[in-house]
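Novice: Turn this into a structure:
(2 chains)
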Amino acid sequence: MKIESLTIRDGALVKEFIFQAGNNLIHSRKNSVGKTTLLRAILYSLGYNIPGTKHFSMDRYEIESNIVADDSQRIKLVRKTPSYLLLTANEKTRTFCLPEQADELHALFYKTGDINILDNILGVFYLDQEKGWTLLNRGVVIGSNHFNVEDFIQGLSGRDCSELKRKKVRLEQELSKYGQISNVTKYKESLEQAGGSILKENPEDELNAQIELQQIELSRVKSELARIDRTLQSNRHLKHFIEEMKLTILTPSGEQVKVTADNVVGLNDSIDYLIAKRKIKSIECNKLLASIEKLQEQKKENETTFFTVESIADAFDEMVQKFPYGYTKVEGIIDSLQKQLKEVRTQITERTKANNIVLNSLYENVTKYAQELRLIDDGSLKLNYLFTSNLKVLSGAILHKTVFAFRLAFILEVKKILGVDLPIILDSPSGKEVDIENVKMMINILKRDFSDHQLIIASIFEYDLPEVNKIEIENRLLE
Amino acid sequence: MATRYANSVLFGFDFQSNAAIVLMLDNMADMETIRIEGEEDIEIGLNDGTYVLAQAKSVVNSSTDFSNVRHNGKKAMESLSDASQKLKAKHLIYVTNSHDPFKDEASKPMFYGKSRVKYSMLPEPTKQIISGWLSEIEKPLNTDKLTVQVLPFETDDEEQRYKVIIEAISDFIGDLQISTDGLRKRLHEVWQMMLDRNGSKSNRDIKLTKKDVVWPLIVFVTGHGQLNRESQYCADLDDGEFDEIQRKYDELIEVTCEQFDIAVKVITDFSERNLKGRNAIELFVNEYCDEYKTEFGLDAVEEPTKSSLTRIILYTILRKRHDINKIKQSLNL
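Specialist: Numbers count the residues shown, from 1 in each chain, chains lettered A, B, ... in the order given. As a prediction, the model looks like this:
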C-alpha cells in the first residue's frame, strides 16, 4: 500500500503533499512546525481515530488522501469530519461511518477481515515520536489505537482465542470492579477504626416505620370502633324493642308501671357505657390520624430537604457502613480473580505460541535484526522474548533499536502472510539517545530489506536514503 | 411576632381546658354541665340552677413575666362582672397561672404553688387594687363570690406543665377509692381532648354534661383489660393460662359482656340469688357457672377452656355492674 498524496483543506486554503512510492522525508530545520501533524493527518485520512497536535485539530479540516493498494487499485479517501469518510474507487464512492466501520474500511487496504490484525496493524507500521519508540509489544500506538503482540500473532497465524479473550475481558472488568469495592471496604474499615459506627438510622426509614406502626394501631382502633358500633346498635335495637312492646308490669304494691328503657335496670347504662367507649376510641382515632398526617408531612419535607441537610459525604459514609462485606473478604475475591486471569492469560499465550510457524518466523527475523543492530552478540535471544513485558532492563537506545527490530519483523510477516507491503511511517527515528551510528544501521536495514515499501520519515535530520522525496516545511504546515 | 402570638393563643387554649378540668373536679358532686366559651371562659352549671363562672388568664412565661398581670386581672374582673349579670353565679373565679396575679408584694406569698384564695382572705392592698378595677365597672361583681385561683402551668415539658392538673385528677380518683394503672393520664388526655378539641375552630363553644365526663372514667375503671385480670383469680387460672385465653378470646369476652340481653340475664339471676358479702360475685360464679355454659355461644370451645371463659364472662359482667353503680352513686350521676 502506498500513499500518493495528502490534501488538507481549510475553506479556501488547500495544501497538497505529494509522496512517492519509495523514500519520503518530511523535513524541517526546526521543531514544532508540523511534521508530526502531517504524519498524523495521513493516518487520520486512512480512517484512524487520531488526535491532532497542539495547533492542529483534525476535525477543523477536510483531509483527503490518495492511495494505491497492493492490487494497484487507486483509492481516494476524503474525511470531512471525524464521524465518516468517503472512499472512492473504480469511480464508486462509499461512505464509511467511523469508528463503527473502521475495520470494514481497513479490510480493503490490508486484504484481511481478521479483527486481530486490523486492530493491531497500525502499531506495526507507524512509530509515533512520543510513544512509538517505547512500544515494544503491548500498549498505546496513538490516541485510542492499541497494539498487542499476542492478538497480532493470533491474527497472523489464524489462532482463535476469542472465547478465552472474552473470559479475560470479563475477569478484567470484574477485577476493576472489585478494585473499587476494595477501596470502599478499606475506607469502611478506616471509618470504623476512627470512631466506631457512625451509622444512623435513615430518617426516611424511621419515619416510614413510625407511620406503619401508627397505621396498624389506627386500623385496630377502627375495627374496635366498628365492633362497638355493632354492639351499640344491638343494644339500641333491644331498647327500641322494649319500648315498642309497651309492656306494663304490676308491682307488689299493686301499682301498674309501664316498662320503658329508663326503668329497665342497666339498659341505659349499657348504652351510655358504649357511647363513652366510642368517644374514647374516636379521640384515639383522631389523635392517630393527626399524628400520621404530621409524620407524612415531615416525610414530605425530608424528601425535599434531604440533600441540603445532609452532606453527600455523610450520605456516602452511611452507605459505606451499610455495605455488608469487609476488606478481607473482598481481597480474597480479588486474589481468586487474579489467579483466574493469570491462568486465562497463560492459556492465551500457550495457544498463541504452541507450534506456531508465524512465531518462529517472527523470532528468526527479530533475532536477525537484533544481531545486526548489535542488540545481541549471538543468537541467544529466547522465543519468549517476543512476549516480554519487562522493558525496564532496556536502556533508551537499546529499547529504541529493539522496537525497530520488532516492527521490521512484523512488517515482513504481514508481507509474507497477507501479501501487503505496508508503508513504514517513522516519526523522529533519531531519538534522543540514538547516535548517528545506530541510525545508520537502522537505515541500512530499511534500504536493503524494505525497498519495496513506502518509507515516510518525519525528522529534523537528513538520512542516507536513495532518491528521497523531501517535503520541506519551513515555518508551519499550512503555509 | 405572628408565631409568638399564635403560640400564646394556643397556650391560652391549653390553659383554659386544663383549668376547666380542675374546676370541674372541684365541683363534680353538684355539676350538671360544663361549658367552655359560654357566657364566661369556663361555665359550670350546678344542679341547684346556679353557676360557677371562671375567667382564665394565662401568661406564657408566668414565672418571669408580670408585665400584663394587672391588665389581665382588670379584664378578668370586667368579664366576670358582665357574666354574673347574665347567669346566676354561685362562685366567680379568676384563674391564672401567674403566681403574682396582682403584681403585688402583699398577696404574692399567698399564691405560691397551687392556691385558691377567697377575696375576703386577700390582704387589704390587694383588695384595694381589685376594688379600684371594680369601681370603674357599672355593675361590678359581688366580691363575696370572688375567688382567685392559681394553677402553676408553664414550660414545654408536658409532664411538668400538667403536673398540677394530674395531681387534681389523682386526688379526685383517690376520693372515689378507685385505682387502675395509668388512669390519671388517660383521663387527663380524654378530658383535655373533650374540652379542647375545637381549639382550632372559631366556634369553641363546648358544652358537656356530667354524664359525658363521668362515663369515660367508668369505661376506664371497668375497662375490660382491668376487669379481666381480676377475673383471672375467680377463674382460678395461672398467668400463662389466663394470657392464652385472653390472646384467643379477648374480643369474644368483651362483646359478650357488652351485650345487654346477656348482661341483664346474669345481673337479674345474681340479684335473685340474693348473695351478700364481699365475695358475693365469686360465690355466684363458683356456684352457678355451669348453668351459663350454653348461654354465651361457646359451643365450639373445648373444656376446660369453656369453663374458664364462662367464669371470666360472668365475673366481668357482675363486677362491671357493681363498679358502675358504685361510681354513679359516688358522683351523684
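Novice: and the helix or strand containing residue A:348, what does it pack onto?
Specialist: Using DSSP states H and E, residue A:348 sits in helix A:327-353. Applying 3 or more C-beta pairs under 8 Å, 6 or more residues apart in numbering or on different chains; DSSP states H and E, we find helix A:327-353 packed against helix A:149-157, helix A:162-195. In short, each C-beta sits where N, CA and C put it, glycine included.
Novice: what's the least confident stretch among those?
Specialist: Mean pLDDT per stretch puts helix A:162-195 lowest among the helices and strands packed on helix A:327-353, at a mean of 87.
Novice: how far does that helix sit from the chain's center?
Specialist: Relative to the chain's own centre, helix A:162-195 is displaced by 15 Å; criterion: C-alpha atoms, centre = their mean, to the nearest Å.
Novice: Which residues are in contact with residue B:290?
Specialist: Counting by C-beta atoms under 8 Å, 6 or more residues apart in numbering or on different chains, residue B:290 touches residue B:307.
Novice: returning to what we had before: comparing the helices and strands packed on helix A:327-353, which comes out most buried?
Specialist: Counting by mean count of other C-beta atoms under 10 Å in any protein chain shown, helix A:149-157 has the highest mean neighbour count of those, with a mean of 23.
Novice: And the helices in the chain, which stretches?
Specialist: Unless you meant another one, I'm taking chain A. For chain A, the helices defined by DSSP state H cover A:35-45, A:102-110, A:115-118, A:122-125, A:149-157, A:162-195, A:203-245, A:267-309, A:312-322, A:327-353, A:357-372, A:396-418, A:436-449.
Novice: wrong chain, I was asking about chain B
Specialist: With DSSP H as the criterion, chain B has helices spanning B:2-26, B:69-86, B:124-135, B:158-161, B:163-175, B:183-196, B:210-221, B:224-234, B:239-258, B:260-273, B:280-288, B:305-330.
Novice: coming back round to it: determine the angle, from 0 to 180 degrees, between the helix holding residue A:348 and helix A:162-195.
Specialist: Helix A:327-353 runs at 160 degrees relative to helix A:162-195, counting by axes from the mean of the first three to the mean of the last three C-alpha atoms, to 10 degrees.
Novice: which residues of the stretch 151-300 of chain B score low on pLDDT?
Specialist: For the stretch 151-300 of chain B, the stretches with pLDDT under 70 are B:179, B:197-205, B:224-229.
Novice: quick revisit: of the helices of chain A, which shows the lowest average pLDDT?
Specialist: Across the helices of chain A, helix A:312-322 gives the lowest mean pLDDT, at a mean of 78.
Novice: Give me the distance between it and the centre of its chain.
Specialist: For helix A:312-322, the distance to the chain centre is 26 Å (C-alpha atoms, centre = their mean).
Novice: Then stretch B:134-144?
Specialist: With C-alpha atoms, centre = their mean, you get 32 Å for stretch B:134-144.
Novice: Could I get the CA-only coordinates of that stretch as CSV?
Specialist: Taking Å, rounded to 0.1, in the frame of the first residue of the first chain, the C-alpha atoms of stretch B:134-144 are listed here in CSV:
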residue,chain,number,x,y,z
LEU,B,134,-64.4,47.2,90.1
SER,B,135,-65.2,50.8,90.8
GLU,B,136,-64.8,51.5,87.1
ILE,B,137,-67.4,48.9,86.2
GLU,B,138,-71.1,50.0,86.0
LYS,B,139,-72.4,46.7,87.5
PRO,B,140,-69.5,45.2,89.4
LEU,B,141,-69.4,41.6,90.6
ASN,B,142,-70.1,40.6,94.1
THR,B,143,-66.8,40.2,95.8
ASP,B,144,-68.3,37.7,98.3
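Novice: Give me the mean pLDDT for it.
Specialist: 94.
Novice: The residue of the stretch 201-333 of chain B found nearest chain A: how many residues sit nearby?
Specialist: Across the stretch 201-333 of chain B, the shortest distance to chain A (C-beta to the nearest C-beta) belongs to residue B:215, at 3.2 Å. Residue B:215 has 24 neighbouring residues, counting by other C-beta atoms under 10 Å in any protein chain shown.
Novice: before we move on, the earlier item: got the buried residues for the helix holding residue A:348?
Specialist: Buried residues in helix A:327-353, counted by 16 or more other C-beta atoms under 10 Å in any protein chain shown: A:327, A:330, A:334, A:337, A:340-341, A:344, A:348-349, A:351-353.
Novice: pretty sure the residue of the stretch 201-333 of chain B closest to chain A contacts residue A:275?
Specialist: Yes - using C-beta atoms under 8 Å, residue B:215 makes contact with residue A:275 at a distance of 7.0 Å.
Novice: Show me the chain divided up by domain.
Specialist: Assuming you mean chain A. For chain A, the structural domains run A:2-159+A:356-472, A:203-322, going by automatic domain parsing.
Novice: looking at chain B here, not the other one
Specialist: B:2-177, B:224-330.
Novice: Quick one, which of these gets closest to residue A:299.
Specialist: domain B:2-177 (23.3 Å; C-beta to C-beta).
Novice: The closest one: how far from the chain's middle?
Specialist: 17 Å.
Novice: what does stretch B:302-322 give?
Specialist: The answer for stretch B:302-322 is 30 Å, by C-alpha atoms, centre = their mean.
Novice: Convert that stretch to CSV, retaining C-alpha atoms only.
Specialist: The C-alpha trace of stretch B:302-322 is given here as CSV (Å, rounded to 0.1, in the frame of the first residue of the first chain):
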residue,chain,number,x,y,z
GLU,B,302,-63.4,-27.3,74.5
GLU,B,303,-63.2,-27.9,78.2
PRO,B,304,-61.6,-26.8,80.5
THR,B,305,-61.3,-23.5,78.4
LYS,B,306,-65.1,-23.3,78.1
SER,B,307,-65.5,-23.4,81.8
SER,B,308,-62.8,-20.8,82.4
LEU,B,309,-64.3,-18.5,79.7
THR,B,310,-67.7,-18.8,81.3
ARG,B,311,-66.3,-17.8,84.7
ILE,B,312,-64.4,-14.9,83.3
ILE,B,313,-67.5,-13.6,81.4
LEU,B,314,-69.8,-14.0,84.5
TYR,B,315,-67.3,-12.3,86.7
THR,B,316,-66.7,-9.4,84.3
ILE,B,317,-70.4,-8.7,83.8
LEU,B,318,-71.2,-8.6,87.5
ARG,B,319,-68.1,-6.8,88.6
LYS,B,320,-68.7,-4.1,85.9
ARG,B,321,-72.2,-3.6,87.1
HIS,B,322,-71.0,-3.3,90.6
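Novice: Could you count how many residues lie near whatever residue of chain A ends up closest to chain B?
Specialist: Per C-beta to the nearest C-beta, residue A:276 is where chain A lies closest to chain B, at 3.2 Å. The local packing of residue A:276 (other C-beta under 10 Å) involves 21 other residues.
Novice: pretty sure it is touching residue B:216, no?
Specialist: Yes - counting by C-beta under 8 Å, residue A:276 does reach residue B:216; the two are 5.1 Å apart.
Novice: of the domains of chain B, which approaches residue B:193 most closely?
Specialist: Comparing these under C-beta to C-beta, the one sitting nearest is domain B:2-177, at 8.7 Å.
Novice: quick one on the thing from earlier: let me have the helices of chain A in TSV, adding distance to residue B:176 as columns.
Specialist: What follows is the helices of chain A, written out as TSV (distance: least, C-beta to C-beta, whole Å):
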stretch	distance to residue B:176
helix A:35-45	101
helix A:102-110	96
helix A:115-118	96
helix A:122-125	100
helix A:149-157	96
helix A:162-195	56
helix A:203-245	25
helix A:267-309	16
helix A:312-322	54
helix A:327-353	66
helix A:357-372	106
helix A:396-418	104
helix A:436-449	115
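Novice: Kindly check the end-to-end length of stretch B:29-48 for me.
Specialist: 12 Å (C-alpha to C-alpha, to the nearest Å).
Novice: what's that stretch in contact with?
Specialist: B:16-17, B:19-20, B:23-24, B:27, B:51-56, B:79-80, B:83, B:86-87, B:90, B:93, B:95, B:195-196, B:204-210, B:213, B:331-332.
Novice: Filter these down to the buried ones and hand me the ChimeraX line.
Specialist: The ChimeraX command for the buried members of the contacts of stretch B:29-48 (criterion: 16+ other C-beta under 10 Å) is given here:
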select /B:16,17,19,20,23,24,27,51,52,53,54,55,56,79,80,83,87,90,93,95,195,196,204,206,208,210,213,331
